[in-house]
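# Using only what follows, build the 3D model:
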Amino acid sequence: MQTKRLILRAWQESDAESLYKYAQNPRVGPVAAWPPHTSVENSREIIKSILSADETYAVVLKETGEAIGSIGLMTAHTIHSAEIAEGEREIGYWIGEPFWGQGLIPEAVRELLRHAFEDLQVTTVWCGYYDGNEKSKRVSEKCGFLYHHTEHNKPVPLLNELRTEHFTYLSRKNWENRDKDTFTCKIE
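Alright, predicted model coming up:
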């Protein structure tokens, strides 16, 4: 899949160095509930064991060909945070700190939403973000997600802690009725 500035493609073991470059940053993983990567080999193992899942993509900058983040759609049968039903998915995403504030993740999210609703015929896409993760909250708002509910004292196994998580969603109907220029959704 492609956007104006990005390619969304399957992760490759050869991406391990760039994955480590951005995922070792303690400001990236912990806000998304995973620990910073500890080595290029650690990143390679994560590519093989986690990022090789169906519908999980490297966010690649067209200009350089470098993987700078990740985005994916989880099902009811894979690792996910929201309570999702058959036909629904949960979206997850992150991007390396040097690329924050450039609109790249909203660009990737919009393309993955198009894929989810048009190609996969998903009925609803959920998006969860932890309390304090204002960047993820803002991405979900920019992409038309609507607030649904908050869960308190939610276990975060990889970090061995409890957090508050907020859930937003986007239905296919709201996505179809969105303003194509601003991506604002009309609530049905």
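# Quick one: low-confidence residue ranges for the chain.
76-82, 179-188 (pLDDT under 70).
# can you pull out the helices in it?
16-23, 40-49, 104-114, 134-142, 172-176 (DSSP state H).
# and the second one, what does it pack onto?
Spelled out, it's helix 40-49. With contacts taken as 3 or more C-beta pairs under 8 Å, 6 or more residues apart in numbering; DSSP states H and E, helix 40-49 sits against helix 16-23. Placement of C-beta: from N, CA and C, glycine included.
# angle of the helix it packs on against helix 40-49?
100 degrees (axes from the mean of the first three to the mean of the last three C-alpha atoms, to 10 degrees).
# buried residues in helix 16-23?
Ala16, Ser18, Leu19, Tyr20, Lys21, Tyr22, Ala23 (16 or more other C-beta atoms under 10 Å).
# As CSV, these with distance to Leu61 would be great.
Output for those, formatted as CSV (distance: C-beta to C-beta, whole Å):
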residue, distance to Leu61
Ala16, 17
Ser18, 10
Leu19, 13
Tyr20, 16
Lys21, 13
Tyr22, 11
Ala23, 16
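# Tally up the residues packed near Pro35, please.
Number of residues near Pro35 (other C-beta atoms under 10 Å) recorded here: 13.
# need the contact list for it.
Gly29, Leu158, Leu159 (C-beta atoms under 8 Å, 6 or more residues apart in numbering).
# same deal with Leu6?
Counted by C-beta under 8 Å, 6+ apart, Leu6 has contacts Val59, Val60, Leu61, Lys62, Leu104, Glu107, Ala108, Glu111.
# who's it bridged to?
Leu61 (DSSP bridges).
# Select from the contacts of Pro35 every entry located in strands.
Taking DSSP state E, every one of the contacts of Pro35 sits outside strands.
# Can I get the buried part of the residues you listed as one PyMOL selection?
Remark: buried members of those, expressed as a PyMOL selection using 16+ other C-beta under 10 Å:
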select buried, resi 29
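# Would you format the contacts of Pro35 as TSV with distance to Gly87 included?
Output for the contacts of Pro35, formatted as TSV (distance: C-beta to C-beta, whole Å):
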residue	distance to Gly87
Gly29	30
Leu158	28
Leu159	30
